[in-house]
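Visitor: please work out how this folds:
(chains A and B)
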There are 2 protein chains.
Amino acid sequence: MLEAVERQIQHYITDLGDPDARMLYRRLPHGKRLRARLILTIAGTGLPAVKTAAIVEMIHAASLLHDDVLDEAYVRRGRPSINAAFDNKTAIMFGDVLYSKGFHELVDIDRDVARIISDAVVRLSLGERQDIVLAERFNADRTAYLNMIDQKTAALIQASAEAAAHLVGKDRRIYRTYGRNLGLAFQMIDDLLDVTEDAATLGKPAMHDFAEGKTTLPYIYLHEALKGADKQRLAALHGRPLQPEDEAWIRTEMDRHHAIERSRDEAKELIEEAIALMADAGETSLEAIARSMIERSF
Amino acid sequence: MLEAVERQIQHYITDLGDPDARMLYRRLPHGKRLRARLILTIAGTGLPAVKTAAIVEMIHAASLLHDDVLDEAYVRRGRPSINAAFDNKTAIMFGDVLYSKGFHELVDIDRDVARIISDAVVRLSLGERQDIVLAERFNADRTAYLNMIDQKTAALIQASAEAAAHLVGKDRRIYRTYGRNLGLAFQMIDDLLDVTEDAATLGKPAMHDFAEGKTTLPYIYLHEALKGADKQRLAALHGRPLQPEDEAWIRTEMDRHHAIERSRDEAKELIEEAIALMADAGETSLEAIARSMIERSF
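Guide: Coordinates of the predicted model:
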């Protein structure tokens, strides 16, 4: 059912009348299309749903293009990112093209859908900036982290679910909460994998977030638990490439203080709430999407 | 009358609820607000016109933020650009915030206004990319240059005029052509000033476009006129910092072959056509805006 979405994106890209844009789009990895899947599962495969899904995926791709420039990330899904294969300029401008084409097409779908999605993009952009600002020093503030991922990651997933519900007249609030929980849990899990998986599985260096200055949940919980010289040692390691012995030390301390477990439980709780909401609403497929997020990652 | 626009922009920025965004906005130079002025002159100072003008100026500011990153420009109107005062990341993300907030607010004005403006942003983004691509080698193709500035600069000015005309039920096509001509001439004049003015007047190095690889109209006309070794000399100077003797040689040859004059006449002709259109429509103030563009710059 995602094929209709891929065709719609192709159509929008061709519509730009720019051979360069077509070439660049072919270079982008498609990813899991989580947002499109949510939209079609909630709203069915009518044209407005397919168009909304295509637009949201284009907007998501645009945000990743800019995100990779911001994070100086040179690999995306095991392939060189656009900023690496071409340059930052290409990634910035192609992102702008995808954003603006997405917005342009959004106007023709439905005013409320346009409002919901464009508001999410405002929050997503503020969140990406916040992600960079928080990384300037060791952020030990859990609330600041949660607000940031709420904007950076949850906003667009939440908006996808809400816009889809609106398209078919379902109760927007329930789907909105479902999407938000999924989005928050999704980012928490992604952040956890950076700590628990090795470089080969990740397709990028392990514990890269921390070296980049990003203190995700397990680091925040570890920092909370450590005392005295250990607390200082952790803070001093922030934002620099980790030596193997420091990496090992962090893992040991995280184990000892159950930092991974606490973070994992927190993501799990959000997903279980999302599952319960969908069980109540009789949405078996949406329950399954949430459940698969737990099963794949834990 | 531009004060209402400034207040509306302030309102949109405050509405973001992000202290960081407020601080960054204060750092941006306001510029001449040409687009806002056109909109209010065409559509009056009712709320939809003021909102449209505010949104277009936010979108224009966003495009300049990304443009300065792309051009590695560190000065904007005699002050350090955001990418220079902060970094590229800040400029990219704040640009995304302004773009998305602009689009979000656009949805509430009028569907056609949203269509016209968002389509212009697609073209603007494609044009900025094309500007970079054309600079990779000596571009001697006048049509490619004209298409690029049509997208990069004229699209949003044209859309401003067209959207304003639509808001008050004036004939869209006439104002569209007026805006396009003004936009094309505006860019041509800007490109000419880079050749004719000195660094002190420009607030940036003179003949900087050519050093950056950009062959604007006078270079294209000079290239057309030169023969043999001279033609090769010009092409070989492309995309590198110019030595004083090369700079002097280019100026002499441009004089000899009337390259500046030809470019100037071309811009003038576009403006005169715009003036004639507005004279026919009885739009004295719009005639004056076009006329002032000639008087200021020649």
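Visitor: what count of nearby residues applies to A:V195?
Guide: Summarising burial for A:V195: neighbours were counted as other Cβ atoms under 10 Å in any protein chain shown, giving 23. (C-beta placed from N, C-alpha, C; glycine too.)
Visitor: ok, it - contacts?
Guide: Residues near A:V195 by Cβ atoms under 8 Å, 6 or more residues apart in numbering or on different chains: A:206-207, A:209, A:216, A:218, A:251, A:254, A:260.
Visitor: show me which residues of chain A sit near chain B.
Guide: Counting by Cβ under 8 Å from any Cβ of the partner chain, the positions of chain A adjacent to chain B are A:16, A:18, A:20-21, A:66, A:69-70, A:88-90, A:92-94, A:96-97, A:99-101, A:103-104, A:106-108, A:111, A:114-115, A:118-119, A:121-122, A:124-126, A:128-130, A:132-133.
Visitor: my guess is A:A211 contacts A:D246. True?
Guide: No - using Cβ atoms under 8 Å, A:A211 is not in contact with A:D246; the gap is 10.1 Å.
Visitor: distance of whichever residue of the stretch 151-298 of chain A sits closest to chain B relative to A:E295?
Guide: When distances are taken as Cβ to the nearest Cβ, the stretch 151-298 of chain A approaches chain B most closely through A:Q151, which lies 9.5 Å from it. For A:Q151, the distance to A:E295 (Cβ to Cβ, to the nearest Å) stands at 27 Å.
Visitor: what sits against A:V69?
Guide: By Cβ under 8 Å, 6+ apart, A:V69 lies in contact with A:83, A:88, A:91-92, B:88-89, B:92.
Visitor: check A:S118 too.
Guide: Remark: with contacts taken as Cβ under 8 Å, 6+ apart, A:S118 is in contact with A:103, A:106, B:100, B:103-104, B:107.
Visitor: next, it: phi, psi?
Guide: A:S118 has phi and psi values of phi -70, psi -30 when expressed as degrees, to the nearest 10.
Visitor: check what pLDDT it gets.
Guide: With respect to pLDDT, A:S118 has a value of 96.
Visitor: repeat that for A:A290.
Guide: On pLDDT, A:A290 comes in at 94.
Visitor: what residues are up against it?
Guide: A:A290 sits in contact with A:178, A:181-182, A:271, A:274-275, A:278, where contact means Cβ under 8 Å, 6+ apart.
Visitor: go with 6 Å
Guide: For A:A290, the contacting residues are A:271, A:274-275, by Cβ atoms under 6 Å, 6 or more residues apart in numbering or on different chains.
Visitor: which of those residues has the most neighbours?
Guide: Among those, A:A274 has more neighbours than the rest - 26 neighbours, counting by other Cβ under 10 Å.
Visitor: tell me which element that one falls in.
Guide: With secondary structure defined by DSSP states H and E, A:A274 is part of helix A:259-280.
Visitor: can you pull out the strands in the stretch 1-150 of chain A?
Guide: Secondary structure of the stretch 1-150 of chain A by DSSP state E, counting those that start in this stretch: the strands cover A:75-76, A:79-80.
Visitor: need the ones you listed in CSV with mean neighbour count, can you?
Guide: As requested, the strands of the stretch 1-150 of chain A are arranged in CSV below (neighbours: other Cβ atoms under 10 Å in any protein chain shown):
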stretch, mean neighbour count
strand A:75-76, 18
strand A:79-80, 12
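Visitor: how about the ones you listed in a markdown table, adding mean pLDDT and distance to A:A200?
Guide: Converted to a markdown table, the strands of the stretch 1-150 of chain A look like this (pLDDT from 0 to 100; distance: least, Cβ to Cβ, whole Å):
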| stretch | mean pLDDT | distance to A:A200 |
| --- | --- | --- |
| strand A:75-76 | 72 | 12 |
| strand A:79-80 | 76 | 15 |
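Visitor: returning to that earlier point: out of A:Q151 and A:E295, which sits in the busier spot?
Guide: Between A:Q151 and A:E295, counting by other Cβ under 10 Å, A:Q151 is the more crowded of the two (22 against 8).
Visitor: so that one sits against A:G127, correct?
Guide: Yes - the pair A:Q151 and A:G127 qualifies as a contact (Cβ atoms under 6 Å) at a distance of 2.8 Å.
Visitor: how far does the helix holding A:A274 sit from the chain's center?
Guide: On the basis of Cα atoms, centre = their mean, to the nearest Å, the separation between the geometric centre of helix A:259-280 and that of its chain is 17 Å.
Visitor: buried sites along that helix?
Guide: Of the residues in helix A:259-280, A:259-260, A:262-264, A:266-268, A:270-271, A:274-275, A:277-278 count as buried by neighbour count, 16 or more other Cβ atoms under 10 Å in any protein chain shown.
Visitor: between the helix or strand following it and helix A:259-280, what angle do the directions make?
Guide: Beyond helix A:259-280 on the C-terminal side, the first helix or strand identified by DSSP H and E is helix A:284-297. Comparing the axes of helix A:284-297 and helix A:259-280 via axes from the mean of the first three to the mean of the last three Cα atoms, to 10 degrees yields an angle of 170 degrees.
Visitor: quick one on the thing from earlier: so which of the contacts of A:V195 are in helices?
Guide: Of the positions in the contacts of A:V195, A:209, A:218, A:251, A:254, A:260 sit in helices, assigned by DSSP state H.
Visitor: which of the residues of chain A next to chain B are buried? Put it as a ChimeraX command.
Guide: Buried members of the residues of chain A next to chain B can be picked out in ChimeraX with the line below, counting by 16+ other Cβ under 10 Å:
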select /A:16,18,20,21,66,69,70,88,89,90,92,93,94,96,97,99,100,101,103,104,106,107,114,115,118,119,121,122,124,125,126,128,129,130,132,133
